[in-house]
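Asker: Sharing a model prediction with you, sequence too.
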Amino acid sequence: MSTKSDRLELRIDPGSRERISMAAELLDEKLSDFVRGASLDRAEAVLARADHTLMPALQFDAMVESLDVPDAAPRLRDAAQAKRRFTRA
């Protein structure tokens, strides 16, 4: 188990503190352990949701179809066809 050295302080209204304390007590947890666990659970949920993009199936199909359509990029085409200053040995 790693040692806990960082601190996180916050201000809270008395009613919220009372509800959080009651919940921690129901689980027989220390208040700081309860708050830490709840905060980490919420952080994991937010981060997991940020890793995924949700959209309707029709929108997804339209997006994938649009990726298959080549764009007109004349400058890119010209650059690819231009004589190269360097070549691989």
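Answerer: Perfect, thanks for sending it.
Asker: which parts of the longest helix seen in the chain are buried?
Answerer: Looking across the chain with DSSP state H, the single longest helix is helix 31-50. For helix 31-50, a neighbour-count test (16 or more other Cβ atoms under 10 Å) marks 34, 35 as buried. Every C-beta, even on glycine, is put in place using the N, C-alpha and C of the backbone.
Asker: what's it packed up against?
Answerer: Applying 3 or more Cβ pairs under 8 Å, 6 or more residues apart in numbering; DSSP states H and E, one finds that helix 31-50 makes contact with helix 14-26.
Asker: any idea of the angle the helix it packs on forms with helix 31-50?
Answerer: 100 degrees (axes from the mean of the first three to the mean of the last three Cα atoms, to 10 degrees).
Asker: which residues of this structure score low on pLDDT?
Answerer: 1 (pLDDT under 70).
Asker: re earlier: not counting the longest helix of the chain itself, show me its contacts.
Answerer: With contact meaning Cβ atoms under 8 Å, 6 or more residues apart in numbering, helix 31-50 is reached by 20, 21, 23, 24, 27, 29.
Asker: separation between residue 7 and residue 71?
Answerer: Taking Cβ to Cβ, to the nearest Å as the measure, residue 7 falls 52 Å from residue 71.
Asker: Same question for residue 54.
Answerer: 26 Å.
Asker: what do you get for residue 34?
Answerer: 53 Å.
Asker: circling back to that earlier point, ok, of the contacts of helix 31-50, which come out buried?
Answerer: residue 24.
Asker: okay if I get the contacts of helix 31-50 as JSON lines plus distance to residue 81?
Answerer: Converted to JSON lines, those look like this (distance: Cβ to Cβ, whole Å):
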{"residue": "20", "distance to residue 81": "66"}
{"residue": "21", "distance to residue 81": "71"}
{"residue": "23", "distance to residue 81": "67"}
{"residue": "24", "distance to residue 81": "68"}
{"residue": "27", "distance to residue 81": "68"}
{"residue": "29", "distance to residue 81": "67"}
